[in-house]
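Colleague: generate a structure from the sequence data that follows.
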Amino acid sequence: MSKKPAAININLVPKDPFFQTTLGRTLQWALSAGRYIVIFTELVVIISFAARFTLDRQNSDLATEIEEKRVTIASYGELENNFRLAQTKIEKVSALEKDSNILEVFENLTQVTPRDVTLSQLSIQPSSVTITGKTLSQSSFNLLVTNLQISPLFNNITVSKVESADRNAPGFNFSISAKTKETQPTTINKKVTEEKVDILDRTGDL
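Modeller: Numbering: from 1, shown residues only. Model (predicted):
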């Protein structure tokens with residue numbers, strides 16, 4: 001069996017002596033390596049361009065999710081305000097319950113106040129009370145002052161203001177302050193009830 005003749009490559013182009021120098025070899029290496037650098041750069045650009053669509057989609061989804069949560073949180077804003085308001089009222093009521101004298105004063109004050117007297121402001125302290133309101137007649141105001149003076153639960157009655165109401169509205173505007181006395185809860189209701197009947201009897205002509 002005969003052997004195949006070996007391939008012979010003949011390059012008749014003479015080599016440029018420039019590429020035999022250091023600068024020539026450096027430029028030749030840079031040209032051959034530059035192709036790979038350009039290809040790698042193009043791949044990075046293509047991957048970055050493709051990744052941008054994914055990142056834009058994620059950014060859009062994140063913005064939508066944030067907006068939905070913001071709307072949800074905003075919808076609970078009124079509920080939170082109502083809850084805080086109710087909590088504040090509960091704390092104030094709890095503070096009032098700790099001071100039994102304030103609750104007793106409020107109950108006693110309602111018992112000595114005539115029906116046609118309207119209170120616009122009520123300030124109850126542990127040892128004093130100030131009431132501001134309006135009465136439709138002079139006799140109702142006199143009855144209120146007399147009830148406070150006769151009641152054993154109040155003393156040092158001071159009328160700080162008495163003036164006529166508006167021209168179109170009859171009655172008087174007033175402001176009264178008084179000191180309060182601490183009494184036992186078990187005996188207050190009975191004493192005030194009996195005293196109220198006695199007060200109304202003695203002030204019926206006012």
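Colleague: gap between the residue most central in space within the chain and residue 91?
Modeller: In the chain, the residue lying closest to the centroid (CA atoms, centre = their mean) is residue 81, at 5.1 Å. Distance, residue 81 to residue 91, using CB to CB, to the nearest Å: 16 Å. All C-beta atoms are positioned from the backbone trio N, CA, C, and that covers glycine.
Colleague: repeat for residue 51
Modeller: Relative to residue 91, residue 51 is positioned 55 Å away (CB to CB).
Colleague: for this protein, which segments count as strands?
Modeller: Secondary structure of the chain, counting by DSSP state E: strands at 117-124, 128-135, 154-164, 172-180.
Colleague: can you list these in a markdown table and add mean neighbour count and mean pLDDT?
Modeller: Compiled in a markdown table, the strands of the chain are given as follows (neighbours: other CB atoms under 10 Å; pLDDT from 0 to 100):
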| stretch | mean neighbour count | mean pLDDT |
| --- | --- | --- |
| strand 117-124 | 14 | 85 |
| strand 128-135 | 19 | 89 |
| strand 154-164 | 12 | 87 |
| strand 172-180 | 18 | 88 |
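Colleague: which one of those strands lies closest to residue 29?
Modeller: strand 117-124 (96.3 Å; CB to CB).
Colleague: output the closest one as PDB, nothing but the C-alphas.
Modeller: Extracted in PDB, the C-alpha atoms of strand 117-124 (Å, rounded to 0.1, in the frame of the first residue of the first chain):
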ATOM      1  CA  VAL A 117     -79.500  75.800  82.700                       C
ATOM      2  CA  THR A 118     -77.100  74.800  79.900                       C
ATOM      3  CA  LEU A 119     -73.500  74.300  80.600                       C
ATOM      4  CA  SER A 120     -71.000  75.200  77.800                       C
ATOM      5  CA  GLN A 121     -67.800  74.600  79.800                       C
ATOM      6  CA  LEU A 122     -67.100  72.500  82.900                       C
ATOM      7  CA  SER A 123     -63.700  72.300  84.600                       C
ATOM      8  CA  ILE A 124     -63.400  69.900  87.500                       C
END
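Colleague: direction included, what does that strand pair up with?
Modeller: strand 128-135 (antiparallel) (DSSP bridges).
Colleague: ok and the partner strand relative to strand 172-180, angle-wise?
Modeller: 160 degrees (axes from the mean of the first three to the mean of the last three CA atoms, to 10 degrees).
Colleague: got the angle for strand 128-135 vs strand 154-164?
Modeller: Using the same axes, to 10 degrees: strand 128-135 against strand 154-164 is 30 degrees.
Colleague: quick one: contacts of strand 128-135?
Modeller: 105, 109, 114, 116-123, 141, 144, 154, 161, 165, 171-180 (CB atoms under 8 Å, 6 or more residues apart in numbering).
Colleague: in contact with residue 164, which residues are there?
Modeller: With CB under 8 Å, 6+ apart, residue 164 has these contacts: 171, 172, 173.
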